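**Student:** based on what follows, work out the 3D shape:
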Amino acid sequence: MWTALITGASSWIGKDLAYIHAEKEWNLVLIARNKEALKAVKKDIEEKYSVSVLILAYDLTESHASQEIYERVKSEGIEIEYLMNNAWFGWVGKFYEREWEKDKNMILLNILALTELTRLFLPDFVARNSWKILNTSSTASLLPGPNQAVYFASKAFVTSFSNAINEELYDKNVTVTALLPWATDTGFWSRSGMDKTKMFQNTASSKEVAEIWYQAMMDGKRNVLAWVWIAGKILMYFIPFIPKSLLLPQIRKAQETDK
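**Tutor:** You can find the predicted model right below:
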C-alpha cells in the first residue's frame, strides 16, 4: 500500500485528491487545521475503502508544524510515497491596503511550509530512489498580479522551485509536478473576495482539477495546465513576450472586485 501525505486535505481539491488516492486502496496521511472536518473525511474514506487514514490537525503557518508532522509520521512507522503540498490561500486587494498579517501568513503557508515539507521528505524519496511530489501552483505563477501581488508572487516561487528541484532529480526515479490550474471553484474564493472578480467568472470544479493533477503526478510531468482552454494555453505561451505596460493593466482590471 502506497501512502500519500496531503496538506489542505479537509475540503475541495485536497479532499478530492484523498478520495482519488483511496480509490486505489492506498493509505493516507491528511493534514489540515480543521480537525472535525478531517475526522469526517477519515470516517467516510475508511468506511468506503480498505485503507488506513491518519489525520493530523496542524496550522502550517506555525513554525514548528512541518517538523512535527515529519517526526509524527516517522514515529508511526509510516513511509510516505506521495507528498502532495496542496495547502494554500490567496486574497484580493491592494498590497498597501491589506492586513500585513494575512499576507505574512500567505507567505508562510504558500512558500515556507511547502518548501520545508519538501526538504524534510525529499531525502527519504532520494534514498529509496522512488516516489513523487505534487505542489499546487497556479497559472498566476506565470505573471505579476496587481490586486493579488503576494499571492501571484508566492505561486511564482512554487513553480520555479518545483521545476528546479525536478531538474536536480534528473538522474533519480523521483519527480516533482507543479499544478497550474486556472480559476477553480473552491470555498476559499468566496471568502477571499476573488469570486467577485472578472477572472473568476468561469471556474473549473475542484474534482476535475484534482483528477487532472493526480494523473499528471503519476505520469511524472513537470508542469500541468489544468482546465486551461486552448486559447488560454496560447496566451500563456505568449505572456513573456507581451510588454508589461500592456499586460499589467489588463490583469489589474480583471482582478478588481465588482462594486
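
**Student:** ok, then the element right after the longest helix along the chain?
**Tutor:** Among the segments of the chain that qualify as a helix by DSSP state H, the longest is helix 149-168. Remark: after helix 149-168, the chain's next helix or strand is strand 175-181, criterion DSSP states H and E.

**Student:** chain center to that next one: distance?
**Tutor:** Chain-centre distance of strand 175-181: 9 Å, with Cα atoms, centre = their mean, to the nearest Å.

**Student:** quick one: contacts of the longest helix of the chain?
**Tutor:** Contacts with helix 149-168, where a contact means Cβ atoms under 8 Å, 6 or more residues apart in numbering, come from 88, 90-91, 95, 103, 106-107, 110-111, 114-115, 118, 122, 133, 135-138, 140-145, 175-178, 180, 222-223. No exception for glycine: its C-beta is placed from N, CA and C like everyone else's.

**Student:** the same query, at a cut-off of 7 Å, please.
**Tutor:** By Cβ atoms under 7 Å, 6 or more residues apart in numbering, the surrounding residues in contact with helix 149-168 are 90-91, 95, 103, 106-107, 110-111, 114-115, 118, 135, 137-138, 140-141, 143-145, 175-176, 178, 180, 222.

**Student:** the strands in the stretch 151-259 of the chain, which residues?
**Tutor:** 175-181, 184-185, 204-205, 223-226 (DSSP state E, counting those that start in this stretch).

**Student:** and what of the stretch 1-150 of the chain?
**Tutor:** With DSSP E, counting those that start in this stretch, the ranges of strands along the stretch 1-150 of the chain come out as 3-7, 28-32, 53-57, 80-85, 132-136.

**Student:** so which of those strands gets nearest residue 19?
**Tutor:** Ranking those by proximity to residue 19 (Cβ to Cβ) places strand 28-32 first, at 9.5 Å.

**Student:** my guess is residue 138 contacts residue 180. True?
**Tutor:** Yes: if you go by Cβ atoms under 7 Å, residue 138 and residue 180 touch, sitting 5.9 Å apart.

**Student:** show me how far stretch 103-114 is from its chain's centre.
**Tutor:** Offset of stretch 103-114 from its chain centre (Cα atoms, centre = their mean): 12 Å.

**Student:** as a whole number, average confidence for that stretch?
**Tutor:** Here stretch 103-114 scores 98 as its mean pLDDT.

**Student:** can you check stretch 117-131 too?
**Tutor:** The model assigns stretch 117-131 a mean pLDDT of 97.

**Student:** repeat for stretch 62-79
**Tutor:** Summarised as a single mean, pLDDT over stretch 62-79 is 98.

**Student:** just how off-centre is that stretch within its chain?
**Tutor:** 19 Å.

**Student:** could you dump that stretch to PDB, C-alpha only?
**Tutor:** Provided in PDB are the C-alpha atoms of stretch 62-79 (Å, rounded to 0.1, in the frame of the first residue of the first chain):
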ATOM      1  CA  GLU A  62       3.200  27.900  12.700                       C
ATOM      2  CA  SER A  63       7.000  27.500  12.700                       C
ATOM      3  CA  HIS A  64       7.100  24.100  14.300                       C
ATOM      4  CA  ALA A  65       4.300  22.400  12.300                       C
ATOM      5  CA  SER A  66       6.200  20.900   9.400                       C
ATOM      6  CA  GLN A  67       8.900  19.400  11.600                       C
ATOM      7  CA  GLU A  68       6.400  17.900  14.000                       C
ATOM      8  CA  ILE A  69       4.400  16.400  11.100                       C
ATOM      9  CA  TYR A  70       7.500  14.700   9.800                       C
ATOM     10  CA  GLU A  71       8.500  13.400  13.200                       C
ATOM     11  CA  ARG A  72       5.000  12.100  13.900                       C
ATOM     12  CA  VAL A  73       4.900  10.300  10.600                       C
ATOM     13  CA  LYS A  74       8.300   8.700  11.300                       C
ATOM     14  CA  SER A  75       7.200   7.700  14.900                       C
ATOM     15  CA  GLU A  76       4.100   6.000  13.400                       C
ATOM     16  CA  GLY A  77       6.400   3.900  11.200                       C
ATOM     17  CA  ILE A  78       4.800   5.300   8.100                       C
ATOM     18  CA  GLU A  79       6.700   5.600   4.800                       C
END
